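> What follows is a predicted protein model with its sequence.
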Amino acid sequence: MDQVQLISERLKNKTILVTGGAGFIGSNLTEALLKIGASVIVLDSLETGLQANVDRLSHYPNYRFVEGDICNPDDYRHLLKEVDAISNQAGLGSVPRSIELPLNTHRVNTTGFLTILHEAKEANVKRFVYASSSSVYGDSQASPKHEGDVGKVLSPYAVTKLMNEEYGHVYHQLHGMETIGMRYFNVFGPFQDSEGVYAAAIPTFLDKMLHGGEIVVNGDGEQSRDFTYVKNAVHANLLSLITENEEAFGQVYNVACGRSLTLNTVIKNLKDGLEELGTASKHTLTYGPDRKGDIRDSLASTAKMEQYLNYKPVYTFEEGVHEYLRHVLQCK
Ligand SMILES: NC(=O)c1ccc[n+]([C@@H]2O[C@H](COP(=O)([O-])OP(=O)(O)OC[C@H]3O[C@@H](n4cnc5c(N)ncnc54)[C@H](O)[C@@H]3O)[C@@H](O)[C@H]2O)c1
């Protein structure tokens, strides 16, 4: 049986609670789960996510949406009885947001995380996959970054993700929970928010290219990141939901492509990709000051997830960009 069949076989009769399922990664994961026949309950406060991201999935009979807050167990305690596993994608992303509004980020990412982790334990939902972030590497200069590398974290956001990982580990040790942390590296793709000051780089660039406007690059644009197409992140989550490898639990894994590109290269790729699809870019480009809390370069090793979970990226950066651009142009 190949990996795709195995994933489908193990998940098709399961019920998964996807928190943050109206957000970018969560809605892509929800769609993938529904396609393979799993039942999905999305729990989302709609704080940053969009109802439209999941309304498009409402034709699946085994899909349910519950508006609620991971910080408030009354919103979801009753659901946990029917759930086989939780994928916790709810969170407040963005390093700049966490610098400006640290208490909001702390409340959702740390208190909310511990609240739902503890509720899962009480309800005997053992499998708990959750979103962490490459920001936990902080100022580590290691390249590529392996999960054992440590640095001093650079933002309140990174502190919250580090705490998630510690709680994930402790709940595995103390209670035998099957926790698995996903250290996402700069995920991009369909349904990623391009609006607002806290939007990520790629959707923001693309928005300016399509609708006109100034792309302001922080710094000289030569900072590099391991940009990861969302379908790789979804694949990593599915493998984490199905694994029977006892050694995989209580651990964290880099979710990445294993290749880094500078922002300047990404901008060129997006522009050229649009042109190949017959759309001229309308943006202008300027360079501004470096951004606080940012690291210069970020490249992941994906060896650990390959060893424990049989993960290999399913999309290269270029394949991801191509699919993403086609999606965005179709929706225009
Ligand atoms: N996108 C990336 O590149 C990236 C990188 C590293 C880590 N992450 C982490 O992955 C997770 C998903 O990120 P995303 O890019 O899909 O973000 P997103 O903002 O698109 O999705 C997050 C979702 O969580 C929901 N949410 C927020 N607070 C909530 C609460 N208290 N209760 C229930 N739902 C709540 C939001 O409404 C939203 O739908 C986040 O935890 C984020 O920190 C993302």
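Structure received.

> List the beta-bridge partners for residue 64.
Judged by DSSP bridges, the bridge partners of residue 64 are residue 41.

> State the distance from residue 105 to the ligand.
Residue 105 sits at a distance of 9 Å from the ligand (criterion: CB to the nearest ligand atom, to the nearest Å). To be clear about C-beta, it is placed using only N, CA and C from the backbone, and glycine gets the same treatment.

> So which residues on this structure come close to the ligand?
19-20, 22-26, 43-49, 69-71, 89-93, 108, 112, 131, 133, 184, 186-187, 193, 200 (CB under 6 Å from any ligand atom).

> swap the cut-off to 5 Å and go again
Residues of the chain found near the ligand (CB under 5 Å from any ligand atom) are 20, 22-25, 44-45, 47-49, 69-70, 89-91, 93, 108, 112, 131, 133, 184, 187.

> what about burial for those residues, which qualify?
Buried by 16 or more other CB atoms under 10 Å: 20, 22-25, 44-45, 48-49, 69-70, 89-91, 93, 108, 112, 131, 133, 184, 187, out of the residues of the chain next to the ligand.

> So which of these belong to helices?
24-25 (DSSP state H).

> what separates the closest residue in space to residue 3 that isn't next to it in sequence from the ligand, distance-wise?
The shortest distance from residue 3 to any non-neighbouring residue, by CB to CB, 6 or more residues apart in numbering, is to residue 310 (6.6 Å). Remark: distance between residue 310 and the ligand (CB to the nearest ligand atom) = 22 Å.

> isn't residue 310 right up against residue 238?
No: judged on CB atoms under 8 Å, residue 310 makes no contact with residue 238 at a distance of 11.1 Å.

> burial measure for the residue nearest to residue 3, as a count.
By the measure other CB atoms under 10 Å, the count of residues near residue 310 is 12.

> quick one, phi/psi of it?
Note on residue 310: its backbone torsions stand at phi 60, psi 30 [degrees, to the nearest 10].

> again with residue 86
phi -120, psi 140.

> Let me see the contact set for it.
16-19, 116, 120, 125, 127-129 (CB atoms under 8 Å, 6 or more residues apart in numbering).

> Not counting sequence-adjacent ones, nearest residue to residue 153?
That would be residue 138: by CB to CB, 6+ apart, it lies 4.0 Å from residue 153.

> cool, residue 135 as well?
residue 158 (3.9 Å).

> List the buried residues of the helix or strand where that neighbour lies.
Assigned by DSSP states H and E, residue 158 falls within helix 156-175. Residues of helix 156-175 classed as buried: 156-165, 167-169, 171-172 (neighbour count, 16+ other CB under 10 Å).

> low pLDDT regions in the stretch 151-300 of the chain?
Within the stretch 151-300 of the chain, the segments meeting pLDDT under 70 span 293.

> close enough to count as contact, residue 76 and residue 68?
Yes: Residue 76 lies in contact with residue 68 (CB under 8 Å); the separation is 5.3 Å.

> Those two: who's more crowded?
residue 76 (23 against 19).

> Next up, the contacts around that one.
Contacts of residue 76 by CB under 8 Å, 6+ apart are 17, 43, 66, 68, 70, 116, 119.

> One more pass at 10 Å, please.
17, 19, 41, 43, 66, 68-70, 83, 86, 115-116, 119-120, 123 (CB atoms under 10 Å, 6 or more residues apart in numbering).

> Ok, residue 217 next?
201, 205, 223, 262-264, 266-267, 285-288, 291.

> picking that back up, which one of the contacts of residue 76 sits closest to residue 229?
Minimum distance to residue 229 across the contacts of residue 76 is 22.1 Å, recorded for residue 19 (CB to CB).

> Give me the nearest residue to the closest one, chain neighbours excluded.
residue 90 (3.8 Å).

> likewise residue 98?
residue 157 (3.6 Å).

> quick one: the one you found and residue 134 touch, right?
No: using CB atoms under 10 Å, residue 157 makes no contact with residue 134, being 11.2 Å away.

> which SS class is the residue nearest to residue 312 when sequence neighbours are not counted?
Nearest residue to residue 312, sequence neighbours excluded (CB to CB, 6+ apart): residue 306, at 6.1 Å. Look at residue 306: counting by DSSP: H, G, I helix; E, B strand; the rest coil, its state is helix.

> All the helices of the protein, residue numbers only.
Using DSSP H, helices in the chain cover 3-11, 24-35, 51-55, 95-100, 102-106, 113-122, 156-175, 201-211, 230-242, 263-276, 303-309, 317-331.

> The first one versus helix 24-35: what angle between them?
Put plainly, it is helix 3-11. 80 degrees (axes from the mean of the first three to the mean of the last three CA atoms, to 10 degrees).
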